[in-house]
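In: Sharing a sequence plus its predicted fold:
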Amino acid sequence: MSEVVIKIESLSKQYRLGQVGRRTLSHDINRWWYKVLGKGDPYAKVGQENERSKKAESEYVWALRDICFNVRQGQVLGVIGRNGAGKSTLLKILSKVTAPTTGQIKLNGKIASLLEVGTGFHPELSGRDNIFLNGAILGMSRKEVQRKFDAIVSFSGVERYIDTPVKRYSSGMYVRLAFAVAAHLEPDILIVDEVLAVGDAEFQKKCLGKIKDVSEKDGRTVLFVSHNMSAVKALCDSCLVLKNGKTFFLGNSLEGVGYYESEVESIASSLFHEDIKQAPGNDLVKIVSFTVRPTKNNAITVRSGIEVEVVVYSFLENRNLDVTFDLKTGGDITVFHCGCVITSQKNSRKGSYKVSFTLPPFLLNVGMYYFSLIVGEDMRVALFKLGSFVGFKVLHESDGANHSALPGIISPRIEYQVEYGS
Amino acid sequence: MNNIEAKQDNWTEVITPRPHVFYINFRELWEYRDLLLLFVKRDFASQYRQTVLGPLWHIVQPLLTMFMFLILFNRLAHIPTDGLPADVFYMGGIVIWSYFSACFTGTSTTFVSNASIFGKVYFPRLIMPLSVVTSNLIRFAIQFLLLLSVMAVSAIKGEYKFHVGWHTLLIPLVLFFMAVISLGTGIIISSLTTKYRDLSVLVSFGIQLLMYVVPVAYSLAYAEKKGYRTLIVLNPLSSLIETFRYAVLGKGTLDFGLLLYACICSVIILFIGILVFNQVEKSFMDTV
């Protein structure tokens, strides 16, 4: 097993809310007095969990609380979480921009962080000068930059503008140049935070490829923070999900993404639109409602069975309509694909059609699932697609024998026989 | 499992909440020397972009100050200039004073004005004030040439004679301690302004007032005659400025006791500065 290169031990970070002012001064004096007396920090005991939308009761808040994990060499760890979950705080502490309140991090190797590309770029200086300046800020020596200069320029693809002040660059060119410098850093541990937001598709692909290269070919460790789930899934082999400053999940990245997405509010298990005009769809068909509910009980569990019902409004007359359901796991694996014919005699009418079916108990295992929906014609032409829009979570229900959830996508009840032979 | 744990005690770096009280990682500073030079280059290349006079401003500023002094202190107030031609005397004070004031104001904004860079990437924070002190050295060199030419003009007119001797060797010494004291005071102020901005207001007019309580526009001998000597020499800057003038112009007061006092003060101030700076640099991003 490869060496541990980052060891994070019960790391916490406390922030003070509100304005710095006279009150801060009194807290500082108080804190200093406790220190003189040899006591601990009086404000380290207070502080609330970091829930962004709730009104604060304490002036202090824990942006990170008791984070512990290890990263091994060559591992690509994705860090995901909603806004304010503590991702950036974690990366800031790792890149020594700010210090933790308690706990410690042990590192092995040179660390470089791309919290934002183009840090320290001076608008008046030319691209060439900025490559040297930015390289030095990121910790490269002059010689190192000189050696890699040609590679940096050709990776960035802004050769023509290399002697122009960067204030004349387009924002895309700026990011290209900045990322090119960063990509040639060659640290042992690379921290990447949302750098791919700008730049065109081709360049994004190039960046992801570079990050993959860095980890696979050179055996470097990468910490990757992103809201782009497909990038996390493609790049990372493991993943840390943060929620309100605490570790919510740590493990396989496909599973982690599933946990994260189950937290995302925008995914509804049922959507209704009183007004058909507001419903998702186009001028051919509209999807009026989509409901996923348990057959029995109140919650969807492995044993409950699931009822799925969709109401499609059709503006088309005398056509063959159909609707296709695509069920995927949180890890983007297709569970099944099922087509339902609405009309087959070229006799569709203007109005709404309700399509429903039931998934039996002991089919889906515990986890996060998503339905995609395609309304089509003649089982060939797609009229309207609704991708990964309706998600639901199958909960765990313990029975006598097994208290913990079982692995796997499906959880069938398998009939088996036991025979004894001499 | 125990074997793996035991093998891994050789961490290259440990990030902890509290910094060491007095600790400078000189090796790290040395590794980032290229960055220091690039910052100096950046400051210089970008400072006077889109100005007509460009680097000439380095000469215009002390010249205008000198003319001001000539009118104010020489013609109006008739303050004696140690038997030296007034323009030479004033320029000698102005050149070394402006080195201090530029270094001090430059370093005193280290944290606040570089927050955007410091918030994104780590490098030894001390590089920033060090680069200010270094880039002002270039500025000082230009202004020193100006001083030499003012002296030359005066010499041609027959009002002044060049004095070169062992005291010329004091110039680099004074300059070094000027850099030390300005770096020290600058980083103390910059560390404190991360939380309380009151100080940055104080600095901008404080530096103007400070110029009148050090012997820039008058000599130490004149202050002594007027009975303000003790007050003036308490400030270590005074003897540094007076010694500089003596070292370059060959006239004035040279008191080795005072010079020693100034040097010790400078070192103590820098020591305190680094102490405060170390406390602040690790977590200033949270309060700035």
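Out: Thanks, I have the structure now.
In: Check for me that A:Val61 belongs to a strand.
Out: Yes - counting by DSSP: H, G, I helix; E, B strand; the rest coil, A:Val61 is part of a strand.
In: What sits closest to the residue in the stretch 251-400 of chain A positioned nearest to chain B if chain neighbours are left out?
Out: The minimum distance from the stretch 251-400 of chain A to chain B, using CB to the nearest CB, falls at A:Gly251 (19.6 Å). Every C-beta, even on glycine, is put in place using the N, C-alpha and C of the backbone. Closest residue in space to A:Gly251, ignoring its immediate chain neighbours: A:Ser238 at 6.3 Å, by CB to CB, 6 or more residues apart in numbering or on different chains.
In: residues in contact with the one you found?
Out: Shown in contact with A:Ser238 (CB atoms under 8 Å, 6 or more residues apart in numbering or on different chains): A:75-78, A:250-253, A:256.
In: May I have the beta-bridge partners of it?
Out: Counting by DSSP bridges, A:Ser238 forms beta bridges with A:Leu77, A:Asn252.
In: before we move on, back to that, around the residue of the stretch 251-400 of chain A closest to chain B, count how many other residues there are.
Out: Neighbours of A:Gly251 under the rule other CB atoms under 10 Å in any protein chain shown: 12.
In: show me what contacts A:Leu359?
Out: By CB under 8 Å, 6+ apart, the neighbours of A:Leu359 are A:305-308.
In: quick one, what contacts the residue sitting nearest the centre point of chain B?
Out: By CA atoms, centre = their mean, chain B has its centre lying nearest to B:Phe100, at 3.2 Å. Residues counted as contacts of B:Phe100 (CB under 8 Å, 6+ apart) are B:178, B:181-182, B:237.
In: same check, this time on A:Leu254
Out: A:233, A:329-333.
In: tell me the two of these that are most distant?
Out: A:Lys233 and A:Thr329 (11.6 Å; CB to CB).
In: quick one: secondary structure of A:Asp387?
Out: Actually, residue A:387 is Gly rather than Asp. Going by three-state DSSP: A:Gly387 is strand.
In: Which residue is the nearest non-sequential neighbour of it?
Out: A:Gly387's closest residue in space is A:Ser372 (CB to CB, 6+ apart), at 4.9 Å.
In: follow-up on the earlier one: distance-wise, check the residue nearest to the centre of chain B relative to B:Gly186.
Out: 10 Å (CB to CB, to the nearest Å).
In: pLDDT score for A:Lys246?
Out: With respect to pLDDT, A:Lys246 has a value of 82.
In: Ignore what I typed, I meant A:Val117.
Out: Looking at A:Val117, the pLDDT reads 69.
In: And for B:Met151?
Out: So, for B:Met151, pLDDT stands at 92.
In: contacting residues for it?
Out: By CB under 8 Å, 6+ apart, the neighbours of B:Met151 are B:88, B:91, B:160, B:162, B:248-249.
In: Which members of the residues you listed are positioned in helices?
Out: Within the contacts of B:Met151, residues falling in helices by DSSP state H are B:88, B:91, B:248-249.
In: Go through these and single out the one with the most neighbours.
Out: That'd be B:Met91 among the ones in helices among the contacts of B:Met151, by other CB under 10 Å, with 28 neighbours.
In: residue contacts, that residue?
Out: Applying CB under 8 Å, 6+ apart, the residues near B:Met91 are B:62, B:66, B:146-147, B:150-151.
In: Whichever of the residues you listed end up buried, select them in ChimeraX.
Out: Of the contacts of B:Met91, the buried ones go into a single ChimeraX selection, burial set by 16 or more other CB atoms under 10 Å in any protein chain shown:
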select /B:62,66,146,147,150,151
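In: Rebuild the contacts of B:Met91 as a markdown table, extending it with distance to B:Ile269 and secondary structure.
Out: Below are the contacts of B:Met91 laid out as a markdown table (distance: CB to CB, whole Å; DSSP: H, G, I helix; E, B strand; the rest coil):
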| residue | distance to B:Ile269 | secondary structure |
| --- | --- | --- |
| B:Pro62 | 25 | helix |
| B:Met66 | 29 | helix |
| B:Leu146 | 29 | helix |
| B:Leu147 | 26 | helix |
| B:Val150 | 31 | helix |
| B:Met151 | 31 | helix |
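In: can you put the contacts of B:Met91 in JSON lines and add distance to A:Leu363?
Out: JSON lines is the format used below for those (distance: CB to CB, whole Å):
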{"residue": "B:Pro62", "distance to A:Leu363": "86"}
{"residue": "B:Met66", "distance to A:Leu363": "91"}
{"residue": "B:Leu146", "distance to A:Leu363": "88"}
{"residue": "B:Leu147", "distance to A:Leu363": "90"}
{"residue": "B:Val150", "distance to A:Leu363": "94"}
{"residue": "B:Met151", "distance to A:Leu363": "96"}
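In: out of the contacts of B:Met91, which one sits closest to B:Ile241?
Out: B:Leu147 (13.3 Å).
In: Please identify which of A:Lys233 and A:Thr329 sits among more neighbours.
Out: A:Thr329 (20 against 17).
In: circling back to that earlier point, distance to A:Ser352 for the ones in helices among the contacts of B:Met151 - can I get that in JSON lines?
Out: Putting the ones in helices among the contacts of B:Met151 into JSON lines (distance: CB to CB, whole Å) gives the following:
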{"residue": "B:Val88", "distance to A:Ser352": "98"}
{"residue": "B:Met91", "distance to A:Ser352": "92"}
{"residue": "B:Val248", "distance to A:Ser352": "95"}
{"residue": "B:Leu249", "distance to A:Ser352": "99"}
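In: could those go into JSON lines alongside pLDDT?
Out: Output for those, formatted as JSON lines (pLDDT from 0 to 100):
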{"residue": "B:Val88", "pLDDT": "91"}
{"residue": "B:Met91", "pLDDT": "93"}
{"residue": "B:Val248", "pLDDT": "91"}
{"residue": "B:Leu249", "pLDDT": "88"}
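In: nearest to A:Ser141, of these?
Out: B:Val248 (37.8 Å).
In: Check the burial of the closest residue to that closest one other than its chain neighbours by counting its neighbours.
Out: Residue nearest to B:Val248 in three dimensions, not counting chain neighbours: B:Gly92, with 5.6 Å by CB to CB, 6+ apart. B:Gly92: 28 surrounding residues under other CB under 10 Å.
In: contacting residues around B:Gly92?
Out: B:147, B:244-245, B:248-249.
In: I'd like to know how far it sits from B:Trp166.
Out: 18 Å.
In: what's the answer for B:Trp30, then?
Out: Applying CB to CB to B:Trp30 and B:Trp166 gives a distance of 33 Å.
In: just the helices in the stretch 151-288 of chain B please.
Out: Assigned by DSSP state H, counting those that start in this stretch, the stretch 151-288 of chain B shows helices spanning B:170-193, B:198-210, B:220-225, B:229-233, B:236-249, B:256-281.
In: Redo those helices as CSV? Include distance to A:Ala112.
Out: Listed next are these as CSV, based on distance: least, CB to CB, whole Å:
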stretch, distance to A:Ala112
helix B:170-193, 26
helix B:198-210, 32
helix B:220-225, 52
helix B:229-233, 50
helix B:236-249, 42
helix B:256-281, 19
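In: returning to what we had before: so the residue of the stretch 251-400 of chain A closest to chain B touches A:Cys236, yeah?
Out: No - taking contacts as CB atoms under 8 Å, A:Gly251 lies outside contact range of A:Cys236: 11.1 Å.
In: residues in the stretch 151-288 of chain B within reach of chain A, list them.
Out: Remark: the part of the stretch 151-288 of chain B in contact with chain A comprises B:195-196, B:282-283, B:285-287, using CB under 8 Å from any CB of the partner chain.
In: how about 10 Å then?
Out: Residues of the stretch 151-288 of chain B lying near chain A by CB under 10 Å from any CB of the partner chain: B:194-197, B:281-288.
In: List only buried entries from these.
Out: B:194-195, B:281-286, B:288.
In: OK, contacts around A:Ser230?
Out: Applying CB atoms under 10 Å, 6 or more residues apart in numbering or on different chains to A:Ser230 gives the contacts A:208, A:257, A:332.
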